[in-house]
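Trainee: The sequence and its predicted three-dimensional model are supplied below.
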Amino acid sequence: MKEKLKVVIPEEDLKSKVSSLALQISNDYRGKELVLICNLKGAIIFLADLMRKITVPVSIDFIATSSYNGMETDGDVRIIKDLKMDIRDRNILIVEDIVDTGYTLDYIIKYLSLHKPRDIKVCTLLDKKSKRQIEVPIHYTGFVVDDVFLVGYGLDYNEKYRELEYIAELSLERE
């Protein structure tokens, strides 16, 4: 199979959107501290860019989940790396790369709620609404995207393409 990329969101659009989201988050959390929780690995680049633009005090922690195998999700969400920080009575912002079916995000929200944070909100770079199977609250959305397989800016296909500075549609073609 030959892998073909088509740019969907150029680097400049990503930078502009990250700045816009950071401004909105900073305004909403003015005078408060915020804990950014990144769902690894896909959201790491988005998190790094976003946190540098947010103007309120932030702490970060990481959680890692798994529900994908290649290009398909199996729907079985597993936590493969847990938080190290105590988030009790803290303002939490989950930073996601992409929300599609909603199952992973729903699982993370329910899991983090067990730790009794003050509040939990969600910021996703990409929202694939057409794939939603369970409704989840998204407070900050970068881009609504079509139901295509996307890579770049942290998103991968079998651990490849995360380093791209843009987001591209990946298609597999027979050689």
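Mentor: Yep, it's here. Numbering: from 1, shown residues only.
Trainee: mind showing which ranges of this structure have poor pLDDT?
Mentor: Along the chain, segments meeting pLDDT under 70 span 68-75.
Trainee: Have a look at it and report its longest strand.
Mentor: Scanning the chain for the strand with the most residues, using DSSP state E, yields strand 58-69.
Trainee: All the helices of the protein, residue numbers only.
Mentor: In order along the chain, the chain carries the following helices (DSSP state H): 11-28, 44-53, 103-113.
Trainee: Quick one: distance of the longest one to the chain centre.
Mentor: I take that to be helix 11-28. Averaged C-alpha coordinates place helix 11-28 at 14 Å from its chain's average position (C-alpha atoms, centre = their mean, to the nearest Å).
Trainee: Pull the residues that contact it.
Mentor: Defining contact as C-beta atoms under 8 Å, 6 or more residues apart in numbering, one finds that helix 11-28 is touched by 34, 46, 49-50, 53-56, 93, 123, 125, 140, 142-143, 153, 165-167. Every residue, glycine included, has its C-beta placed from N, CA and C.
Trainee: Mind doing that once more with 7 Å?
Mentor: Contacts of helix 11-28 from elsewhere in the structure, counted by C-beta atoms under 7 Å, 6 or more residues apart in numbering, are 49-50, 53-56, 93, 123, 140, 142-143, 153, 165-166.
Trainee: Give me the buried entries from those residues.
Mentor: The neighbour-count test (16 or more other C-beta atoms under 10 Å) applied to the contacts of helix 11-28 identifies 49-50, 54, 56, 93, 123, 140, 142-143, 153, 166 as buried.
Trainee: Name the nearest of those relative to Leu105.
Mentor: Taking C-beta to C-beta as the measure, Leu105 sits nearest to Cys123 out of the buried ones among the contacts of helix 11-28, at 11.1 Å.
Trainee: Which of the helices of the chain sits closest to Tyr157?
Mentor: With distances scored as C-beta to C-beta, the stretch of the helices of the chain nearest to Tyr157 is helix 44-53 (15.4 Å).
Trainee: picking that back up, switch the buried ones among the contacts of helix 11-28 over to TSV; also include distance to Lys81.
Mentor: Formatted as TSV, those follow (distance: C-beta to C-beta, whole Å):
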residue	distance to Lys81
Asp49	21
Leu50	20
Ile54	23
Val56	26
Leu93	18
Cys123	20
Tyr140	23
Gly142	24
Phe143	26
Tyr153	21
Tyr166	27
